[in-house]
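Asker: quick one, structure for this:
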Amino acid sequence: MTEQPTKPHSILIRAPNWVGDVVMATPAFRAVRNTFPDARISLLIKKYGRCVINDAPWFDEVIEYDPSGEHRGMRGYLKLVGRLRRGRFDLALILVNSLRGALEARLAGARRRVGYDRNGRRMLLTDAVPPPAENGKIVPQNMVEYYLRLCSEIGCPPEPTREELFVRNDIDRQAEEFLARHGRDASKMLVGINPGAAFGSSKCWLPERFAQVADAIIERRNCDLFICSAPAETEIARAIESHMKRRPINPHNDNPGLEVYKGIIRRMRLLITNDTGARHIAVAFGVPVVVVFGSTSTRYTDVNLEQTTIVTANVQCSPCQEKTCPTGTHECMRAVTVDMLMDAVEQALSDQAE
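Answerer: The predicted structure follows:
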């Protein structure tokens, strides 16, 4: 680790890109603030991830990076660089593995630049940290500890791995009003199903099977069943509803936005989901989750599992880590049966009653 004679006065943190990874980075955000309480801490984050960390107490400013809008093309990118250079950062903590993430810190003029030695970016970093490896090969590690390891390189003491999110009172009221507008019975238990995945279709369990599980939960538990879906996942949500015999809460095109979704998820007794961002939001709020795994490795998220049940089937081609199924058969997801998921759901709900 490069020696630093004085504590940094101005710190730039480059946030991860995926929603779930942003949530898993919250212990790292907390560690930096706790270690450098007097520093000015700026977070650089993709625009769509901003609302995930809204109201967190760790940052003095949040800089949105919008590559498809304000920062599109070379002129837009140079505008972002100019914005970063005005921060006069002593230290940049780069949580993404991309070459671009390291380049942003270098162009920003940050004097010390700490990140993992990956993707040919060693020359852009002052502190190129070796990634976790076995026999010279990079191996998966849960992302919470992966990010915290970088924090230790800048002098942060060990930090609890607890993920943490926040919802303001007015956003919380919006969540309550949204549910009521779509038929929520506040006297009933609320269970959620999150059937999509921004990563790709390889992570998605079959809609007709989600429908069978949803019907069974409503019948057995007399609960409200809420289908969570991003704007790009409306068709998946409609497909599930079309296969159901009972009526779920499905807002269709009335999407409340991710910030309000945080308030909705916080109200759930249980969330049933693919391996996606909603899972980590639930974990951050202490909501039990049942997660269907297939194409992705569980090792990247093997942390804070006290109220998490993983349902997966052992098939030869899994995990492939591909966004779409290479064989087109979706075998890893087809091998997960309705009975397997229902057993996990019933156990999770029963555990809460004890």
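
Asker: flag the shaky bits of this structure, pLDDT-wise.
Answerer: The chain contains residues with pLDDT under 70 at 1-5, 197-200, 202, 353-354.

Asker: now do the domain split for it, please.
Answerer: With domains defined by automatic domain parsing, the chain comprises 10-153, 169-353.

Asker: output those domains in a markdown table; the columns should cover distance to Glu163 and mean neighbour count.
Answerer: For glycine as for every other residue, the C-beta is placed from the backbone atoms N, C-alpha and C. A markdown table is the format used below for the domains of the chain (distance: least, CB to CB, whole Å; neighbours: other CB atoms under 10 Å):
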| stretch | distance to Glu163 | mean neighbour count |
| --- | --- | --- |
| domain 10-153 | 5 | 18 |
| domain 169-353 | 4 | 18 |
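
Asker: rebuild the ones you listed as TSV, extending it with distance to Pro160.
Answerer: Below are the domains of the chain laid out as TSV (distance: least, CB to CB, whole Å):
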stretch	distance to Pro160
domain 10-153	7
domain 169-353	10
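
Asker: for Gln212, which non-adjacent residue is spatially closest?
Answerer: Among residues not flanking Gln212 along the chain, Val338 sits closest, at 4.8 Å (CB to CB, 6 or more residues apart in numbering).

Asker: so that neighbour touches Ala214, yeah?
Answerer: No - using CB atoms under 8 Å, Val338 is not in contact with Ala214; the gap is 10.5 Å.

Asker: mind checking the SS state of the nearest residue to Tyr147 once chain neighbours are set aside?
Answerer: Nearest residue to Tyr147, sequence neighbours excluded (CB to CB, 6+ apart): Ala28, at 3.9 Å. Put simply, Ala28 is helix when judged by DSSP: H, G, I helix; E, B strand; the rest coil.

Asker: how close does Ala28 get to Asp60?
Answerer: 17 Å (CB to CB, to the nearest Å).

Asker: do you know how far Ala180 is from Ala186?
Answerer: Going from Ala180 to Ala186 by CB to CB gives 7 Å.

Asker: ugh, wrong one, Asp302
Answerer: Asp302 is 36 Å from Ala186, by CB to CB.

Asker: next: Glu233.
Answerer: 26 Å.

Asker: next one: Glu331
Answerer: Look at Glu331 and Ala186: by CB to CB, they are 41 Å apart.

Asker: ok, now Thr6?
Answerer: From Thr6 over to Ala186 (counting by CB to CB), the distance is 54 Å.

Asker: equivalent analysis for Arg72, please.
Answerer: Taking CB to CB, one finds Arg72 at 44 Å from Ala186.

Asker: chain neighbours aside, what residue packs nearest to His280?
Answerer: Val23 (3.8 Å).

Asker: also Thr308?
Answerer: That would be Val289: by CB to CB, 6+ apart, it lies 5.1 Å from Thr308.

Asker: what do you get for Ile249?
Answerer: Excluding its sequence neighbours, the residue lying closest to Ile249 (CB to CB, 6+ apart) is Phe226, at 4.5 Å.
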